[in-house]
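Engineer: can you look at this prediction? I've put the sequence above it.
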Amino acid sequence: MRMLDIILKKRDGEELTKDEIDFFVQEYVAGRMPDYQASALLMAIYFQGMTSRETADLTLAMAYSGETVDLSPIPGIKVDKHSTGGVGDTTTLVVAPLVAACGVPVAKMSGRGLGHTGGTIDKLESIPGFNPFQSIEDFIRIVKEVGVAVVGQTENLVPADKKLYALRDVTGTVEHKSLIASSVMSKKIAAGADAIVLDVKAGSGAFMESVEEAFELAQEMVSVGIRVGRSTTAVVTDMSQPLGMAIGNALEVREAIEILKGERTGALKEVSLLLGAYMLYTAGRCQTVKQGREMVEEALDSGKGAQKLKEMIRAEGGDERVVDNPSLLPVAEEVIAIKAQRGGYISSMDARSIGQAARLLGAGRNTKEDKIDHRVGIVLHKRVGERVEKGETLAEFYLTKEENLQEAIDTFSRGVIIDEQPPQTKPLVYGVVT
Ligand code: URA
Ligand code: CA
């Protein structure tokens, strides 16, 4: 088999065989194929697309390109969740303990943030002592003992995605539904879950900005899940404005804790409860999604979810007292208020701009090697549709250095639009694909 023939075939719009896809993944991971040929194939896929059969074959070839996790020592249906990435998107820290408190084991591997989006592993590392890098044996033991563990991906999980994602990032081939679907689903399959609930984001802060494209991506991932025998459900939710009010690592952990303690409501809580309901339903823990919703609400109201989070933090080496006393989290002491320049209605709180502003303050990275500052970030005081008076606080910036501050303020301000008329509000949840 020759790579050039595979490139030509896809360039001309033909369907690749399973053997051709396996050959591409194996040779590329083994370092026997140059980046320029892999790039050419990715670009051909970007323009010509893939059938769902090809996408499923690519997903499996990637999933088995390295180590896989066997969760069978944990009894029951193990359910995983995954978000396609967003800003102020802390659902995992809310929903994983809630679902575990309802008796469904949650064994989740998460990633770090990149670009304007945040990552669960960075957020967890803001908890003093917390070590997300557990061995597979400890990961399984914690899930068996506590019911939930959220850990970083092991080094050799899906090496094909590590290499291909890095290549896509620099060749303009990230935003394609088959490539995103295979990237996400290969990691979920390798991490061993029986059932998967996906939160596919639509809007300025998402990879797929239009709602229509987000649905196409959701459909693609669900059909890959079906083809590879993992029960998969996708909800499509809004990411035109940040999901929670906090953007930045320790600030987001604090917000998640406040939600679990019943001290705070809003869009982040709403999407978390929705995902939790689908996780319980997909795991067969309830007969209807509505029942699942009641169960996660009960776990929240009774404080069982907050208790589960404490147990997980302790099991992973962290200081669980942060749940009772969030002031133990490292949060920047210098806080400045960003005020409205005029009165009116907020018509935009652009997720991408706000994520970028938080990154400029030090909450995110530009390259994988950058160090982040867990203490910094942004707390919003307003959401789209709300009325604001001139001089009122739109947001607070938590900072530890003045460097980049003006650029962060400018970037934030470009994303916030105030109009005379109230805007048409967008739905928080666009729909569900099963
Ligand atoms: N998240 C992933 O893991 N992969 C993609 O391709 C896009 C988002
Ligand atoms: Ca985009």
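Structural biologist: Noted; the coordinates are in hand. Residues are numbered from 1 along each chain as shown. Ligands and ions are numbered 1, 2, ... in the order given.
Engineer: may I see the buried residues of stretch 411-431?
Structural biologist: For stretch 411-431, the neighbour count (16 or more other CB atoms under 10 Å) marks 411-412, 415-416, 418, 430 as buried. For every residue, glycine as well, the C-beta is placed using N, CA and C.
Engineer: kindly apply the preceding question to stretch 104-123 instead.
Structural biologist: 104-110, 112-123.
Engineer: was I right about Asn404 contacting Arg359?
Structural biologist: No. Counting by CB atoms under 8 Å, Asn404 sits too far from Arg359 to count as a contact (9.2 Å).
Engineer: can you tell if the helix or strand that contains Ala100 touches ligand 1?
Structural biologist: Using DSSP states H and E, Ala100 sits in helix 91-101. No. Counting by CB under 6 Å from any ligand atom, ligand 1 is not contacted by helix 91-101; separation bottoms out at 14.0 Å.
Engineer: got the residues of this protein near ligand 1?
Structural biologist: Counting by CB under 6 Å from any ligand atom, the chain sits next to ligand 1 at 84-85, 165, 174, 179-180, 183-184, 207.
Engineer: of these, just the buried ones, PyMOL syntax please.
Structural biologist: Here is the PyMOL command that selects the buried residues among those (16+ other CB under 10 Å):
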select buried, resi 84+85+165+174+179+180+183+184+207
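Engineer: could you export the residues of the chain next to ligand 1 as a markdown table, including distance to Ala191?
Structural biologist: Formatted as a markdown table, the residues of the chain next to ligand 1 follow (distance: CB to CB, whole Å):
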| residue | distance to Ala191 |
| --- | --- |
| Thr84 | 16 |
| Gly85 | 17 |
| Tyr165 | 16 |
| Val174 | 21 |
| Leu179 | 19 |
| Ile180 | 17 |
| Ser183 | 13 |
| Val184 | 11 |
| Phe207 | 21 |
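Engineer: how close does Lys123 get to Lys269?
Structural biologist: Taking CB to CB, to the nearest Å as the measure, Lys123 falls 17 Å from Lys269.
Engineer: do Val29 as well
Structural biologist: 41 Å.
Engineer: who has more neighbours, those two?
Structural biologist: Lys269 (23 against 20; other CB atoms under 10 Å).
Engineer: show me where the chain has strands.
Structural biologist: 79-83, 106-110, 148-152, 195-202, 231-238, 246-247, 334-339, 344-349, 377-380, 387-388, 393-399, 416-419, 429-433 (DSSP state E).
Engineer: the residue of the chain found nearest ligand 1: what's it in contact with?
Structural biologist: Closest to ligand 1 within the chain is Ser183: 3.4 Å, counting by CB to the nearest ligand atom. The contact partners of Ser183, by CB atoms under 8 Å, 6 or more residues apart in numbering, come to 62, 161, 164-165.
Engineer: got TSV for these, with pLDDT too?
Structural biologist: Output for the contacts of Ser183, formatted as TSV (pLDDT from 0 to 100):
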residue	pLDDT
Met62	98
Asp161	94
Leu164	94
Tyr165	89
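Engineer: buried subset of those?
Structural biologist: The buried subset of those (16+ other CB under 10 Å) comprises 62, 161, 164-165.
Engineer: just give me the closest of those residues to Ser52.
Structural biologist: Of all the buried ones among the contacts of Ser183, Met62 has the smallest distance to Ser52: 15.4 Å, by CB to CB.
Engineer: got the contact list for that closest one?
Structural biologist: 25, 158, 160-161, 164, 182-183, 186.
Engineer: skipping its backbone neighbours, what lies nearest Glu175 in space?
Structural biologist: The shortest distance from Glu175 to any residue other than its chain neighbours is 5.4 Å, reached at Phe207 (CB to CB, 6 or more residues apart in numbering).
Engineer: does that neighbour touch Ile180 like I think?
Structural biologist: Yes. Assessed by CB under 8 Å, Phe207 is found in contact with Ile180 at 6.3 Å.
Engineer: any residues in contact with both of these two?
Structural biologist: Counting by CB under 8 Å, 6+ apart, the residues touching both Phe207 and Ile180 are 84, 174.
Engineer: that older thread, from the buried ones among the contacts of Ser183, which land in helices?
Structural biologist: 62, 161, 164-165 (DSSP state H).
Engineer: and the helix holding Ala100, what does it pack onto?
Structural biologist: Packing contacts for helix 91-101, counted by 3 or more CB pairs under 8 Å, 6 or more residues apart in numbering; DSSP states H and E, involve strand 79-83, strand 106-110, helix 120-124, strand 148-152, helix 249-260, helix 267-282, helix 289-301, helix 304-315.
Engineer: got the angle between the fourth one and helix 91-101?
Structural biologist: What that stands for is strand 148-152. 150 degrees (axes from the mean of the first three to the mean of the last three CA atoms, to 10 degrees).
Engineer: which residues touch strand 148-152?
Structural biologist: By CB under 8 Å, 6+ apart, strand 148-152 touches 92-93, 96-97, 99-100, 105-112, 120-121, 124, 132-134, 139, 142-143, 308, 311-312, 315-316.
Engineer: CA atoms only for that strand - export them in PDB, please.
Structural biologist: Backbone C-alpha positions of strand 148-152 (Å, rounded to 0.1, in the frame of the first residue of the first chain) are rendered in PDB as follows:
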ATOM      1  CA  VAL A 148     -16.100   8.900  40.900                       C
ATOM      2  CA  ALA A 149     -12.600   9.900  39.700                       C
ATOM      3  CA  VAL A 150     -11.600  12.600  37.200                       C
ATOM      4  CA  VAL A 151      -8.000  12.200  36.100                       C
ATOM      5  CA  GLY A 152      -5.600  13.300  33.400                       C
END
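Engineer: what pairs with that strand, parallel or antiparallel?
Structural biologist: According to DSSP bridges, strand 148-152 has the following sheet partners: strand 106-110 (parallel).
Engineer: now do the strand it pairs with, average pLDDT.
Structural biologist: Averaging pLDDT along strand 106-110 gives 93.
Engineer: ok, stretch 193-207 next?
Structural biologist: 94.
Engineer: and what of stretch 265-275?
Structural biologist: Per-residue scores along stretch 265-275 average to 98.
Engineer: buried sites along that stretch?
Structural biologist: 267-275.
Engineer: mind checking pLDDT for Gln26?
Structural biologist: pLDDT, Gln26: 98.
Engineer: do the same with Gly119
Structural biologist: 89.
Engineer: what residues are up against the residue nearest to it when sequence neighbours are not counted?
Structural biologist: Sequence neighbours aside, Gly113 is the residue nearest to Gly119 in space, at 3.6 Å (criterion: CB to CB, 6+ apart). The neighbours of Gly113, taking CB under 8 Å, 6+ apart as the test, are 119, 122, 364-365, 372.
Engineer: no further questions, thank you.
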